[in-house]
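>>> just need the structure, nothing else, for what follows:
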Amino acid sequence: MTNTSVLRRVVAAAVVLGALAGCSSAPRPAPAAPPPQPASDLTPGDRTSVRDGGTVRWAVDEVPASLDVYRPTATADTELIAHALLPSLFRPDDRARPTADPDFLAGADADATSRTVVYRLNPKAVWSDGKPLAAADFTAQWTELRGSLPGYAAIESIAPGADPHQVKVVFKQPYAQWRALFSPLYPAAGLPVTAGPLVLKSLDAKAGRASLVRNPQWWGDPVKVDGIDFLATPNRLDALDQGTVDVAALDGAVDSSLQAVKRAESLPGLTLHRAAAPSFTQLTLNGARGPLAEPAVRRAVAACVDRQAVAEAALGPLGLPAVPLGNHLLMADQDGYQDDSGTIAATARNLHLDLTLLLPDGSATARRAADALVAQLAPDGITVHPQAVPADGFVRDHLTGGDWDLALFSWPATAFPAADERPLYAKPRPGADGRPVTGQNYGGSGTDEIDLLFDRATAEPDPAAQAELLHQADVRIWQLGHSVPLYQRPELVAVRTGVAGAGAFGFTWPRWQDLGFLRR
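This is a model prediction of the structure:
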């Protein structure tokens with residue numbers, strides 16, 4: 001062990017034993033909270049104001065070779081296209097509240113414990129091969145995914161219900177997150193059979209184009225557009241300027257510079273829509289090694305982070321609301337959100353720590369956040385050394401290796417945090433070789449109590465009681481010093497004037513049959 005390592009361990013032990021009070025900086029008065037970002041922001045216009053016909057050109061990062069959203073390589077673009085082609089029994093609204101989609105699901109009834117669920121499918125819903133949605137499709141998806149996804153592994157059996165349009169799903173134990181399953185639902189016959197308002201005309205990942213057209217068998221509200229072309233578009237600002245795309249998310253432009261956003265705002269014939277994205281930026285503390293292996297040291301570092309200042313540094317230059325996030329599990333626009341950051345108090349001063357900070361290269365927003373962290377932690381004796389690494393190998397080549405102290409990156413948010421967020425904070429368990437297996441818990445710290453709270457929330461059918469369990473879990477995660485949520489990321493989407501039903505969707509996705517061009 002090096003002298004520096006010994007010194008760090010000695011300092012950590014001193015912090016634990018000393019329990020000194022307060023970061024060296026004076027307490028900061030709480031600033032007046034700026035207005036939060038809206039949950040969604042779409043071009044207004046109801047169906048009666050949208051004309052029939054036309055093809056919407058939609059920019060994506062890349063066109064996927066497969067439309068299987070459950071593959072490890074699936075991206076947000078995969079999900080976007082799949083939702084236009086496949087049934088989703090439940091779709092989240094812009095505040096992540098799951099609602100049955102009547103085009104596919106007439107209703108669903110769960111028993112008091114959420115162990116048995118009976119789905120009542122829309123009798124009109126059929127696959128593109130003419131077969132109705134049925135229990136066989138549920139069974140095929142369960143069989144395929146039960147070995148890899150916990151939600152499907154929780155299922156004990158699937159069988160037809162009282163009539164051909166009912167499906168009975170029985171879980172091994174109470175499972176209140178059942179609405180997260182079978183959205184999307186894949187056909188037992190396999191792709192390219194689909195059942196959405198649109199059907200796939202062509203999919204060419206190499207050429208970067210996926211063309212969708214109206215489904216002639218669609219049973220719901222008539223589709224307005226003739227079709228949608230999803231186009232791989234590396235430089236979206238140029239494409240918008242040249243009129244070759246109609247809808248383009250500008251996440252990359254936001255991460256680049258304020259000039260990119262200003263350019264988007266100045267382009268003629270476009271509207272820049274803003275909303276809170278279903279993702280958040282956070283600072284993970286590596287509890288698997290070095291001084292941060294001590295919970296008291298992690299708490300001390302976390303308490304010295306000025307989340308408001310980081311949010312202002314990252315988002316302020318973009319002209320976006322800088323609202324710090326105070327919850328690991330829920331976004332500010334979700335029901336049950338509470339700012340639990342007050343549960344962690346400063347426990348030490350003058351740490352004399354020397355820490356590395358891993359961040360993705362090429363993101364001006366992440367760099368501004370990192371610079372703010374360097375400046376604000378220095379007075380507390382915490383020297384931070386930012387290390388920018390290529391974004392495409394950030395997780396695979398660096399984060400999973402564990403050779404870092406602090407890591408700045410973003411996580412997606414979810415409508416079902418009790419089930420979906422558990423792997424991020426689950427206590428690492430010994431693997432076959434005896435070494436801890438961290439999985440997605442890159443911070444490497446966890447407790448049995450936190451795992452139990454997640455398990456109880458997953459099984460709890462009462463929304464209020466589930467929210468309380470998530471609150472308790474979040475408090476424990478704060479007290480563990482696992483990570484520091486910083487801010488909910490913005491979603492900026494440029495939409496050509498006259499295109500209705502598009503914009504920044506937040507947690508939800510387009511109602512594809514309503515998308516189209518406004519009447520002149």
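>>> OK, contacts around residue 387?
With contacts defined as CB atoms under 8 Å, 6 or more residues apart in numbering, residue 387 is in contact with 356-359, 404. Heads up, the C-betas are built off the backbone N, CA and C, glycines and all.
>>> please apply the same query to residue 498.
Residues near residue 498 by CB under 8 Å, 6+ apart: 517-518, 520.
>>> let's go with 7 Å and repeat that
Neighbour list for residue 498: 517-518 [criterion: CB atoms under 7 Å, 6 or more residues apart in numbering].
>>> quickly note the distance from it to residue 270.
Separation of residue 498 from residue 270 (CB to CB, to the nearest Å) stands at 10 Å.
>>> if we can go back for a sec, what is the nearest of the contacts of residue 387 to residue 227?
Here the nearest of the contacts of residue 387 to residue 227, counting by CB to CB, is residue 359; it sits at 40.2 Å.
>>> tell me the contacts of the closest one?
366, 370, 386, 388, 408.
>>> ok, how many other residues are close to residue 335?
By other CB atoms under 10 Å, 11 other residues sit near residue 335.
>>> doesn't it fall inside a helix?
No: assigned with DSSP: H, G, I helix; E, B strand; the rest coil, residue 335 falls outside any helix and is coil.
>>> surely it and residue 97 touch.
Yes: contact between residue 335 and residue 97 holds when scored by CB atoms under 7 Å: they sit 6.5 Å apart.
>>> sorry, back to before: out of the contacts of residue 387, which are inside strands?
356-359 (DSSP state E).
>>> in CSV, list those residues along with pLDDT.
Formatted as CSV, the ones in strands among the contacts of residue 387 follow (pLDDT from 0 to 100):
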residue, pLDDT
356, 97
357, 97
358, 96
359, 94
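>>> and of those, the nearest to residue 459?
residue 358 (35.5 Å).
>>> re the thing from before, out of the ones in strands among the contacts of residue 387, flag the one nearest to residue 60.
Lowest distance from residue 60 to the ones in strands among the contacts of residue 387 (CB to CB) belongs to residue 359, with 25.3 Å.
>>> what helix or strand does residue 385 sit in?
Residue 385 is part of strand 382-389, with elements assigned from DSSP states H and E.
>>> and the helix or strand just after that strand, how far out from the chain's middle?
Downstream of strand 382-389, the next assigned helix or strand under DSSP H and E is strand 406-412. From the chain centre to the centre of strand 406-412 is a distance of 12 Å (CA atoms, centre = their mean, to the nearest Å).
>>> need the CA coordinates for the helix or strand just after strand 406-412. CSV is fine.
Beyond strand 406-412 on the C-terminal side, the first helix or strand identified by DSSP H and E is helix 417-420. Once non-C-alpha atoms are left out, helix 417-420 reads as follows in CSV (Å, rounded to 0.1, in the frame of the first residue of the first chain):
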residue,chain,number,x,y,z
PRO,A,417,-38.8,3.1,-9.8
ALA,A,418,-39.6,0.4,-7.2
ALA,A,419,-38.6,-2.3,-9.7
ASP,A,420,-36.5,-0.5,-12.3
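>>> who are the packing partners of helix 417-420?
Using 3 or more CB pairs under 7 Å, 6 or more residues apart in numbering; DSSP states H and E as the contact test, the elements touching helix 417-420 are helix 448-459, helix 463-480.
>>> dump those helices to CSV, plus mean pLDDT and distance to residue 281.
Putting the helices and strands packed on helix 417-420 into CSV (pLDDT from 0 to 100; distance: least, CB to CB, whole Å) gives the following:
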stretch, mean pLDDT, distance to residue 281
helix 448-459, 96, 22
helix 463-480, 96, 16
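>>> including mean neighbour count and distance to residue 494, could these go into JSON lines?
As requested, these are arranged in JSON lines below (neighbours: other CB atoms under 10 Å; distance: least, CB to CB, whole Å):
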{"stretch": "helix 448-459", "mean neighbour count": "18", "distance to residue 494": "38"}
{"stretch": "helix 463-480", "mean neighbour count": "20", "distance to residue 494": "35"}
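>>> out of the ones you listed, flag the one nearest residue 259.
Put simply, out of the helices and strands packed on helix 417-420 the one that sits nearest residue 259 is helix 463-480, at 36.9 Å, with distance taken as CB to CB.
>>> before we move on, back to that, make a PyMOL selection of the buried ones in the ones in strands among the contacts of residue 387.
Selecting only the buried entries of those in PyMOL, with 16 or more other CB atoms under 10 Å as the criterion:
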select buried, resi 356+357+358+359
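>>> for residue 221, state which of the ones in strands among the contacts of residue 387 is nearest.
The closest of the ones in strands among the contacts of residue 387 to residue 221 turns out to be residue 359 (CB to CB; 45.2 Å).
>>> any idea how far residue 504 is from the closest one?
In this structure, residue 359 and residue 504 are 25 Å apart, going by CB to CB.
>>> now swap in residue 417 and tell me
When distance is defined by CB to CB, residue 417 is 21 Å away from residue 504.
>>> grab the nearest non-local neighbour of the residue most central in space within the chain.
Within the chain, one residue has its C-alpha closest to the average C-alpha position: by CA atoms, centre = their mean, that is residue 412, at 1.9 Å. Spatially, and ignoring its direct neighbours in sequence, residue 412 is nearest to residue 279 (4.9 Å; CB to CB, 6 or more residues apart in numbering).
>>> what do you get for residue 331?
For residue 331, the closest residue by CB to CB, 6+ apart turns out to be residue 413, at 4.8 Å.
>>> again with residue 337
The shortest distance from residue 337 to any residue that is not its chain neighbour, by CB to CB, 6+ apart, is 4.5 Å, and that residue is residue 330.
>>> what sits against the one you found?
Residues near residue 330 by CB under 7 Å, 6+ apart: 336-337, 417, 470.
>>> quick check: it vs residue 46, distance?
Following CB to CB, the distance that separates residue 330 from residue 46 is 31 Å.
>>> what of residue 321?
Plainly put, residue 321 is 29 Å away from residue 46 if you go by CB to CB.
>>> those two - which one has more neighbours?
Comparing residue 321 with residue 46 by other CB under 10 Å, the one with more neighbours is residue 321, at 20 against 9.
>>> coming back round to it: can you redo the helices and strands packed on helix 417-420 as JSON lines with distance to residue 231?
JSON lines is the format used below for the helices and strands packed on helix 417-420 (distance: least, CB to CB, whole Å):
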{"stretch": "helix 448-459", "distance to residue 231": "39"}
{"stretch": "helix 463-480", "distance to residue 231": "39"}
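>>> closest to residue 103 out of those helices?
Comparing the helices and strands packed on helix 417-420 by their distance to residue 103 (CB to CB), the top pick is helix 463-480, with 24.7 Å.
>>> re the thing from before, given the helix or strand where the residue nearest to residue 412 lies, what are its sheet partners and their directions?
Of the helices and strands defined by DSSP H and E, residue 279 is found in strand 270-285. In its sheet, strand 270-285 lies beside strand 406-412 (antiparallel), strand 483-496 (antiparallel), with partners assigned from DSSP bridges.
>>> which one of these lies closest to residue 65?
Taking CB to CB as the criterion, residue 65 comes closest to strand 406-412 out of these, the separation being 21.8 Å.
>>> and residue 142, how many neighbours does it have?
Other residues within reach of residue 142 by the criterion other CB under 10 Å amount to 19.
>>> correct me if wrong, but it is in a helix.
Yes: in this structure, residue 142 lies within a helix as judged by three-state DSSP.
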